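[1] Give the three-dimensional model of this entry:
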Amino acid sequence: MRAHNNDSAVADDVQQRSAEDRLDGERYAVAAEVLGHLADPTRLHLLRLLSAEQDVSTLTAQVAASRSSVSQHLGRLRLAGLVHARRDGRRMLYRITSDHLAALVTEALGYADHGVRGIPHHRGSR
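    Residues are numbered from 1 along each chain as shown. All right, here's what the predicted structure looks like:
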């Protein structure tokens, strides 16, 4: 009787680990996809600017890209779920969808600052 209970516990543990491994795999896949969208300098710049709602004309004035290029990048970001758009009359206003994403962009730019400016990278105590 006891061996049966032990076998059941082992099977449950294996199932739980399998489910966790599957979720971990999905987590890494989603993170890699998001990072792929950040791999373009124009999209990264747009995401940094989109903590407040802005339209294409306003964004184009702040980014080194044409209006059509900015529109295309916003479309990709919107399809990826990284940017939300809402209509205001004839204009479309765009905004970043997540505080986590905004923080990721800020951290990436902070990391880049260290490389560009020759500042030593921070390391936690270990």
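[2] Double-check that Ala85 belongs to a helix.
    No. Assigned with DSSP: H, G, I helix; E, B strand; the rest coil, Ala85 falls outside any helix and is strand.
[3] Surely it touches Leu74?
    Yes. Using CB atoms under 8 Å, Ala85 is in contact with Leu74, at 7.4 Å. For the C-beta atoms, the positions are set from N, CA and C on the backbone; glycine is no exception.
[4] Those two: which has the busier surroundings?
    Neighbours per residue (other CB atoms under 10 Å) separate Ala85 from Leu74, with Leu74 holding more: 23 against 14.
[5] what residues go with each domain of this structure?
    For the chain, the structural domains run 1-39, 41-114, going by automatic domain parsing.
[6] So for Ala85 and Leu74, which residues contact both of them?
    Tyr94 (CB atoms under 8 Å, 6 or more residues apart in numbering).
[7] the helices in this protein, which residues?
    In the chain, helices defined by DSSP state H lie at 2-38, 41-49, 56-62, 67-79, 99-117, listed in chain order.
[8] who does the third one touch, helix- and strand-wise?
    On a contact count with 3 or more CB pairs under 8 Å, 6 or more residues apart in numbering; DSSP states H and E, helix 56-62 meets helix 41-49, helix 67-79, strand 91-96.
[9] ok, and what's touching it?
    45-46, 49-50, 66-67, 70-71, 74, 92, 94.
[10] so which of the helices and strands packed on helix 56-62 comes closest to Val105?
    In terms of CB to CB, the element of the helices and strands packed on helix 56-62 nearest to Val105 is helix 41-49, at 4.9 Å.
[11] That'll do, ta.
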